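>>> Need a 3D model of the sequence below.
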Amino acid sequence: MLAALAGGVGAARFLSGVLDVLSPADVVAVVNTGDDVVLHGLHVSPDLDTVLYTLAGAVNPDTGWGLAGESWTAMEALERYGGLTWFRLGDRDLATHLYRTQRLRDGISLSQVTAEVARAWGVEACLLPMSDDPVETRVDVVGEGEVGFQEYFVRRRHAVVASGVRFEGAERARPAPGVLEALATASTIVISPSNPILSIAPILAVPGIREAVTARRRDTVAVSPIVAGAALKGPADRLLTELGHEASVVGVARLYAPLAATLVVDEADAALAHDVEAAGMRCIVTGTVMHGRGEAASLAQTVLSA
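Below you'll find the predicted structure:
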């Protein structure tokens, strides 16, 4: 069994490749919920939905998030009233949030509703939120103070300078049912090619998860989201630098060395393999840029072989 820590588009694409080389029954994704937000009274789980829609083959191929063939009638109508539309929810996507919100109000957990939504989409891999308890990623913006993750990431388009990140509520949260069991029994644990600060760190902040991964360090493989000093998508490179880390595969290695024995890096960073190993991780060089499912499957096979 493979257990993956996952958040965002890179993780979703990687997991789609995993399902081409492993049975869905042997795949567990522990997904970041630090970017969950309540909008228009609806509970939105962006990372869970990105992974779900991608594995269902329904994701928008142009963005890597949202649904293919989406329409925006509700948002256009809301604009008429001057409502909040900087975080746009498509008409088809709204159904997911309506259902999730109603089921949470019925008293079931986020884990349970995630399983129900996954079944409805025909996704057989096990998708687990990192916690059923609320955890909110908060970003400290220079000169302004703290803002919520979606305010930073979507409304500000992560174009402001950050001086810190914290995970409100993490210290009181518990791992969702099945998370620690998956990490304890998986033959391989993968830290997906996700933003180390905004996608992976919130998962590790939930008490018990970092310890569970560290205990399996020898069986844990991380995939660098940084290629040739840059993030393929999002602000990971800039945020690493702003928070005092090196925006390179070596910087990623220094962050992940206590957690994982192996780091997979792209061929563009082959010259840094020795420096990665000096940081305390075995380095495997391969193609990590996933333009399509074929590259994702090839990367997944390399990770499993590691």
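
>>> tally of neighbours for T288?
For T288, the count of nearby residues is 28 (other CB atoms under 10 Å). Placement of C-beta: from N, CA and C, glycine included.

>>> Can you tell me the SS state at it?
Under DSSP: H, G, I helix; E, B strand; the rest coil, the three-state class of T288 is coil.

>>> show me what contacts the nearest residue to it once chain neighbours are set aside?
Spatial nearest neighbour of T288, chain neighbours left out: D266 (4.2 Å); criterion: CB to CB, 6 or more residues apart in numbering. By CB atoms under 8 Å, 6 or more residues apart in numbering, the contact list for D266 reads S224, V227, A228, V249, V285, T286, G287, T288, V289.

>>> Report the buried members of those.
In the contacts of D266, burial by neighbour count holds for S224, V227, V249, V285, T286, T288, counting by 16 or more other CB atoms under 10 Å.

>>> Check what pLDDT the first one gets.
Reported pLDDT at S224 in the predicted model: 98.

>>> wait, it sits on A268?
No - contact criterion CB atoms under 8 Å: S224 and A268 do not qualify, at 10.4 Å.

>>> Would you confirm that D275 contacts R254?
No - applying CB under 8 Å, one finds D275 not in contact with R254, separated by 9.9 Å.

>>> before we move on, back to that, what are the bridge partners for the residue nearest to T288, then?
Beta bridges link D266 to T286, judged by DSSP bridges.

>>> State the distance from it to M281.
15 Å (CB to CB, to the nearest Å).

>>> try G294
For G294 relative to M281 (CB to CB), the value is 27 Å.

>>> quick one: which of the two has more around it?
The neighbour comparison of G294 against M281 (other CB under 10 Å) goes to M281, with 26 against 11.

>>> For the more buried one, give its distance to G34.
Using CB to CB, M281 is found at 25 Å from G34.

>>> repeat for L127
Between L127 and G34 the distance is 16 Å, computed by CB to CB.

>>> Between these two, which has more neighbouring residues?
The residue with more neighbours, out of L127 and G34, is G34; 27 against 21, by other CB under 10 Å.

>>> which residues touch A279?
V250, A253, R254, A257.

>>> Report how many residues lie close to the third one.
Read it as R254. Applying other CB under 10 Å, we find 18 residues neighbouring R254.

>>> From V276, how far out is it?
According to CB to CB, R254 stands 9 Å off from V276.

>>> and S163, that's in a helix?
No - using three-state DSSP, the secondary structure at S163 is strand, not a helix.

>>> Does it touch E242 like I think?
Yes - here S163 lies in contact with E242, judged by CB under 8 Å, at a distance of 7.0 Å.

>>> who's more crowded, these two?
A direct count of neighbours by other CB under 10 Å for S163 and E242 places E242 higher, at 18 against 14.

>>> Look up how far D269 lies from the more buried one.
21 Å.

>>> Do you have the helices of the stretch 201-306 of the chain handy? List them.
When secondary structure is read from DSSP state H, counting those that start in this stretch, the stretch 201-306 of the chain shows helices at 201-205, 209-215, 236-242, 249-256, 273-278, 293-305.

>>> I'd like the ones you listed as CSV, with mean pLDDT and distance to L2 appended.
Shown next, in CSV, are those (pLDDT from 0 to 100; distance: least, CB to CB, whole Å):
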stretch, mean pLDDT, distance to L2
helix 201-205, 98, 16
helix 209-215, 98, 13
helix 236-242, 96, 23
helix 249-256, 98, 17
helix 273-278, 98, 22
helix 293-305, 96, 7
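
>>> can you list those helices in TSV and add distance to R172?
Formatted as TSV, the helices of the stretch 201-306 of the chain follow (distance: least, CB to CB, whole Å):
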stretch	distance to R172
helix 201-205	11
helix 209-215	14
helix 236-242	25
helix 249-256	25
helix 273-278	36
helix 293-305	33
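
>>> So which of those is nearest F87?
Checking those against F87 by CB to CB gives helix 201-205 as the closest, at 18.6 Å.

>>> hmm, who's touching that closest one?
Helix 201-205 is contacted from outside by 5, 7, 30-35, 130, 135, 137, 165, 167, 170, 209-210, 213, 259, using CB under 8 Å, 6+ apart.
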